Every structure is written in C-alpha cells, then in structure tokens.
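Novice: give the three-dimensional model of this entry:
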Amino acid sequence: MNKKYILGGFVVVVFIGMMILLLTQGGLQYEDDLSKVMAKSKTIKAAGKWMKEKSIEMNTQEKVCFFTMSDNLGNQMKVKYKGVLPDNFSTAQSIVVTGKFQNGLFNATDILTKCPSKYQEQSKKQSNT
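Specialist: A predicted model of the protein is given here:
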C-alpha cells in the first residue's frame, strides 16, 4: 500500500512540474518600441500604427501582404503577413503583430487590430452639442 502512495505522489509532482514549465514558457514578450523589436530575433508581439500614407503591397495569389508600421518614437518597420488582413485593418487606431524580425522584415503570424470604439464616438458627439 505504501508503493501506491509513493507512485501517486510522484505522478502529482510530475504533473505540477509540467504545468509550471508550460505556463512559464507560454508568455510572449510585448514591445511597443520597434527599435527593440528589430534588435531581437525571437518571437515577440510588436505594437504600433499602420502607416496609411505608405501603401500596402498585396500578392493575392500567395495571400501575402507587406505594409509599414511605426511606433510613438517614430521608428518604422516593414511587416510581411501571410494570410488575410482583418476586415477592420484600414480603420484601426493601432495594431499588434506577432512574429519574428528576420532579414530586414518582421514576419508576422498574427495581426490584432484596435479600432475606435463606438462609445467614444458617441461621447464626442454629446460633448460637441
């Protein structure tokens, strides 16, 4: 009967150890300074704004697009994204791209957009009246 308790305890310890290991490795670093993003070669989340004055280059056959984003410090970074851009990309206030910076390009695997809130627009209209 003692062996059952020892084996059960061992299984619990291994399970807790694996959970701790998985939880500590899952977090991606978030960076809003694009110069720091371009200095790293690991997967990271980069935040900034799409530079609308620079056009988006699209390759519809390969579903690849290239665009430029900037941060609040004026740093610029060219982004390559394979996939379909979010519907609200053109109206986004800010974007967060996940990926790696390699060979002068940020290779994004995911794009999140933050769009103006309809509630912010309503409060602006009410304050103007």
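
Novice: measure the closest residue to Lys80 other than its chain neighbours to Glu31 for me?
Specialist: Residue nearest to Lys80 in three dimensions, not counting chain neighbours: Leu105, with 4.9 Å by C-beta to C-beta, 6 or more residues apart in numbering. The way it works is simple: take the backbone N, C-alpha and C, and place the C-beta from them, glycine included. Separation of Leu105 from Glu31 (C-beta to C-beta, to the nearest Å): 16 Å.

Novice: equivalent analysis for Thr91, please.
Specialist: For Thr91, the distance to Glu31 - C-beta to C-beta - is 24 Å.

Novice: looking at the two, which is more packed in?
Specialist: Glu31 (18 against 10; other C-beta atoms under 10 Å).

Novice: touching stretch 21-38 from outside, list them.
Specialist: Stretch 21-38 has contacts (C-beta atoms under 8 Å, 6 or more residues apart in numbering) with 40, 42-48, 69-73, 75-77, 96, 98, 101, 106.

Novice: so among these, which ones count as buried?
Specialist: Taking 16 or more other C-beta atoms under 10 Å as the criterion, what is buried in the contacts of stretch 21-38 is 44-48, 69, 71, 75, 77, 96, 98, 101, 106.

Novice: hey, which helix is longest across this structure?
Specialist: Determined from DSSP state H, the single longest helix within the chain is helix 2-25.

Novice: narrow the buried ones among the contacts of stretch 21-38 to those in strands?
Specialist: 44-48, 69, 77, 96, 98, 101, 106 (DSSP state E).

Novice: so Asp87, which of the three states?
Specialist: Secondary structure, DSSP: H, G, I helix; E, B strand; the rest coil: Asp87 is coil.

Novice: OK, contacts around Asn59?
Specialist: Contacts of Asn59 by C-beta under 8 Å, 6+ apart are Cys65.

Novice: could you give the bridge partners of it?
Specialist: Val64 (DSSP bridges).

Novice: read off the pLDDT value for it.
Specialist: We have a pLDDT of 87 for Asn59.

Novice: please renumber the chain so that the first residue is 49 from this point on.
Specialist: Yes, from this point I'll number from 49; that puts the last item at Asn107.
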